[in-house]
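In: Let me see the structure of the following:
(4 chains)
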Number of protein chains: 2
Amino acid sequence: MQKQPTIRDVAAAAGVSVAVVSRVLNPGSGPVAAATRGRVSDVMETLGYHPRTAARELKHGPPTTLGLLLADVSNPFFARLADQVVQEAHSRGIQVLLMTTQEDDQLESERLATLIERRVSGIIATPTGNNLDTWKKLQDMGTDVVFVDRSIPALPAVDVVTINNTESARSATALMAAHGHRRIAIISGPASSTTGRDRIAGYREALDAAGLEQDELLIRSAAFRGAAGGDATTALLSLEDPPTALVVANTAQVTAVLRRLAHAGISIPEELSVIVFEDSPWTELMTPPLTIVRQPIDLLARHSVRLALSNPSGKTSGKPTVVRVDAELIERSSVSRPKPRP
Amino acid sequence: MQKQPTIRDVAAAAGVSVAVVSRVLNPGSGPVAAATRGRVSDVMETLGYHPRTAARELKHGPPTTLGLLLADVSNPFFARLADQVVQEAHSRGIQVLLMTTQEDDQLESERLATLIERRVSGIIATPTGNNLDTWKKLQDMGTDVVFVDRSIPALPAVDVVTINNTESARSATALMAAHGHRRIAIISGPASSTTGRDRIAGYREALDAAGLEQDELLIRSAAFRGAAGGDATTALLSLEDPPTALVVANTAQVTAVLRRLAHAGISIPEELSVIVFEDSPWTELMTPPLTIVRQPIDLLARHSVRLALSNPSGKTSGKPTVVRVDAELIERSSVSRPKPRP
DNA sequence: TTGTAGGCGTTATCAG
DNA sequence: CTGATAACGCCTACAA
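Out: Modelled structure (predicted):
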């Protein structure tokens, strides 16, 4: 436990002033004789000197830290997003402060408070939907806020990066219809989320386009956390006129739904055709391999980081950017024609 | 884009000195009249004042940030670890800086450098195995270093939290032997990792205990990244006397191995009994449901955070702590008696 | 090319 | 109880 050398120690040991040391620390900030630079560098090395970030940040609020506020990193979708965001940020010399909300307003509020105190230059978040005033305040402070995966309609001034949810749900539903299904159910995120709403909208559009009747009983919302997906599944299966096809558009509930189906002894796709919004390697290993909607997580991450770093200091006050990337429908073997009804 | 109020602005607006404001900010640091406190609090509220972390850190190096240095967050094991670590840290008012190494020495070195500059109070890491001098330096500086999941034997002074790898591999192997298998293969992490070594050691012990012959051809190492698991699988299958049982002890390679098995048309468990080190919900949904070794990630996280925060300032210089938690063998349906050889 | 001095926002010490 | 004031470690004009 040795106390850290400061810039002053280095200066003294090298027989120069702190200004010179500072200049070799920040190339381009001023001229330094080559000989001097070498000597100072050597001293820093032998002393084991490392400039202290906290002191640097105190001067000019630095775009060196970025907050990543996700619902939950145990969800593979968010985990991969976090992975990509961290890599992308690192490649630009930016550090990432990771926080989770558990979809809880209150926790989100606390996290945002510490993000404010840390004066991060940007925040990439999957917002719960509340704390509107705090989000606004963050923007007022000049923080670059980027919502990823979801958005908050009441906050139209924020940059957003999402997949094209409407189109994704539409194409998945359309595929079911093309296979001859007339009773197509969907389990989606809560209607309070833009993601949930958009996907249900796409679902409805596909039904309309196929001339299919809409049955509200076939539309189920399930929270992003908990086991609501299983209950929704049970409810659908016990309908008087149960669906022959199911689109699981809530990534967080995919395994819960499949577990319930397995438990109920439903065979896929003979008794029920299934498409899931999920891109785990496991989907391919299932029996049968699942038809999926793959979300381009790397693109989400790349755009998010770019936007969160685009306004180096202060907002360009232009319109907010909205990036919408396309998901990919990957057909495998969990969709077939419906079994003729007796 | 408004510039942030400082403690001085608050003091001025409230008609008090900065010292008083500082005291209401840090309760317990000194006496403040109730009336004054209220007035100051109000002013802080209306001005939207938030103390700046960077300035605070400049004073006394604060145990308010913790570095989490993982190989890769897209790996569900690490993702869940990150999730738990973040939650545990948050519950103690600590923030987490997330970094990844991609198992690359060089990247690890860079990450460690920025961690040093930030003067984090503690680091939880899955070390690549190199950068020994930097790890030592970190400890000299008083940083609490905790290795999780793996360790570095050459660095015996570091706290370590792992599962009981030897025992886990032994019990998995023993289960295979108990089912009558005599040709049991294992795919493990690289022999350069403690994790890989320990698991292979446990495997050998189980074989000895069962009186089974050891065949080096049945022991395969695969890197933590890439598709080496698939190749190892192919190699095992094409052996003259192929195994009837396989323990996949490298979490990162589980899906790669299963994909290869599926591709080769190997049926589980009829042609090959399988146990995997993995705890994804998907393992239960496979056909057949996989027998797994479940790692108690929550315990790993809890202990890691505790240790990383245990030496508030400066090391207690006691012996390093080694926590070894037990994994759980969960029997499902991917293990059966070997098919009698023709 | 190098040195001096002041300030960034907060906390801590010591008088009032 | 409250108020000046000196650090904390680094950067940056401005001088030399």
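
In: can we go C-alpha only for contacts and neighbour counts from here?
Out: Fine.

In: so A:Met141 sits right up against B:Pro5, yeah?
Out: No: between A:Met141 and B:Pro5 no contact is recorded; they are 10.4 Å apart, counting by CA atoms under 8 Å.

In: In terms of neighbours, single out the busier of the two.
Out: With neighbours defined as other CA atoms under 10 Å in any protein chain shown, A:Met141 and B:Pro5 compare such that A:Met141 has more, 19 against 14.

In: And the pLDDT at that one?
Out: On the pLDDT scale, A:Met141 is placed at 86.

In: What are the phi and psi values at it?
Out: phi -70, psi -10 (degrees, to the nearest 10).

In: same deal with the one 5 residues further on?
Out: In this entry, A:Val146 is assigned phi and psi values of phi -130, psi 120 (degrees, to the nearest 10).

In: and it, bridged to which residues?
Out: Bridge pairing for A:Val146 (DSSP bridges) gives the partners A:Ile124, A:Asp159.

In: Quick check: it vs A:Pro63, distance?
Out: Noted for A:Val146: a distance of 15 Å to A:Pro63, by CA to CA, to the nearest Å.

In: Next: A:Glu110.
Out: For A:Glu110, the distance to A:Pro63 under the criterion CA to CA works out to 22 Å.

In: Can you pick out the residue with more neighbours from those two?
Out: The neighbour count for A:Glu110 versus A:Pro63, taken as other CA under 10 Å, is higher for A:Pro63 (20 against 14).

In: Which residue is the nearest non-sequential neighbour of the more buried one?
Out: Distances taken as CA to CA, 6 or more residues apart in numbering or on different chains put A:Ser121 closest to A:Pro63, at 4.9 Å, once the chain neighbours are dropped.

In: First-to-last residue distance for stretch A:9-19?
Out: This stretch, stretch A:9-19, spans 12 Å end to end (CA to CA).

In: got the buried residues for it?
Out: Residues of stretch A:9-19 classed as buried by neighbour count (16 or more other CA atoms under 10 Å in any protein chain shown): A:9-11, A:14, A:18.

In: Also stretch A:104-118?
Out: Along stretch A:104-118, these residues count as buried under the neighbour rule (16+ other CA under 10 Å): A:107-109, A:111-112, A:114-116, A:118.

In: next one: stretch A:83-91
Out: Within stretch A:83-91, the residues that qualify as buried are A:83-90, counting by 16+ other CA under 10 Å.

In: residues making contact with the worst-scoring helix or strand of chain A on mean pLDDT?
Out: Using mean pLDDT, DSSP states H and E, helix A:53-59 stands out as the lowest-scoring helix or strand of chain A, at a mean of 87. Contacting residues not belonging to helix A:53-59 are listed as B:54-55, B:57-58, B:117-119 [CA atoms under 8 Å, 6 or more residues apart in numbering or on different chains].

In: could the buried residues of stretch A:83-91 be laid out in CSV, adding pLDDT and distance to chain B?
Out: Supplementary listing: the buried residues of stretch A:83-91 in CSV, determined by pLDDT from 0 to 100; distance: CA to the nearest CA, whole Å:
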residue, pLDDT, distance to chain B
A:Asp83, 98, 5
A:Gln84, 98, 8
A:Val85, 98, 10
A:Val86, 98, 7
A:Gln87, 98, 7
A:Glu88, 97, 11
A:Ala89, 97, 10
A:His90, 96, 8
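
In: Please identify which of those is nearest to A:Ile152.
Out: Of all the buried residues of stretch A:83-91, the one sitting nearest A:Ile152 is A:Val85; the distance, using CA to CA, is 21.1 Å.

In: Enumerate the residues of the stretch 151-300 of chain A near chain B.
Out: Proximity of the stretch 151-300 of chain A to chain B is assessed by CA under 8 Å from any CA of the partner chain, with A:255, A:258-259, A:262, A:281-282, A:285-287 identified as the residues in range.
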